[in-house]
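Peer 1: need a structure here:
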Amino acid sequence: MLDFKGALKELYLDAKEKYDIQKAPKLILRQDEDNAEKLFGRTAYYAPDTQTIVLFVTGRHNKDILRSYCHEMIHHIQNERGDHKLGDASSPTYAQDDDHMRKMEMEAYLKGNLLLRDFEDNFKYE
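Peer 2: So this is what the prediction gives:
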């Protein structure tokens, strides 16, 4: 049976194969009680300059964390394609104000959720 860290590894390998990822992003699992208490606290983010995915894990279901991981993995793929250089993510409302960044978020939500869904379907009956 697959455990959480094994799922992270296998999801990465799946994404690497599907999207030809050239370099694995750094991954940080962050415990943050203050963030977890906020209604709209952070769930994850991708730092393109350091190619780092940060997942906030405190108080979250493992499947939800994996969903965030897949979303941020798509941002890593976008970064490898050079897409992050084409938009401006410096404002809190970048996904509403910048058409290019909006499209990148749409792609991350769609492909990230499908990445997890397709992966999860391999383990539904375990």
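Peer 1: is the most centrally placed residue in the chain in a helix, a strand, or coil?
Peer 2: Centroid-nearest residue in the chain, with C-alpha atoms, centre = their mean: E72, separated by 1.9 Å. Put simply, E72 is helix when judged by DSSP: H, G, I helix; E, B strand; the rest coil.
Peer 1: residue contacts, it?
Peer 2: E72 sits next to 25, 44-46, 53, 55, 108, 112 when contact means C-beta atoms under 8 Å, 6 or more residues apart in numbering. (Each C-beta comes from the backbone N, C-alpha and C, glycine too.)
Peer 1: now, which of those residues sits nearest A95?
Peer 2: A108 (9.8 Å; C-beta to C-beta).
Peer 1: just the helices in this protein please.
Peer 2: Counting by DSSP state H, the chain has helices at residues 4-19, 33-37, 62-81, 94-97, 99-120.
Peer 1: coming back round to it: can I get the contacts of E72 in JSON lines including pLDDT and neighbour count?
Peer 2: JSON lines is the format used below for the contacts of E72 (pLDDT from 0 to 100; neighbours: other C-beta atoms under 10 Å):
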{"residue": "P25", "pLDDT": "98", "neighbour count": "22"}
{"residue": "A44", "pLDDT": "97", "neighbour count": "21"}
{"residue": "Y45", "pLDDT": "95", "neighbour count": "17"}
{"residue": "Y46", "pLDDT": "95", "neighbour count": "21"}
{"residue": "I53", "pLDDT": "98", "neighbour count": "24"}
{"residue": "L55", "pLDDT": "98", "neighbour count": "20"}
{"residue": "A108", "pLDDT": "97", "neighbour count": "21"}
{"residue": "G112", "pLDDT": "98", "neighbour count": "22"}
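Peer 1: lovely, talk soon.
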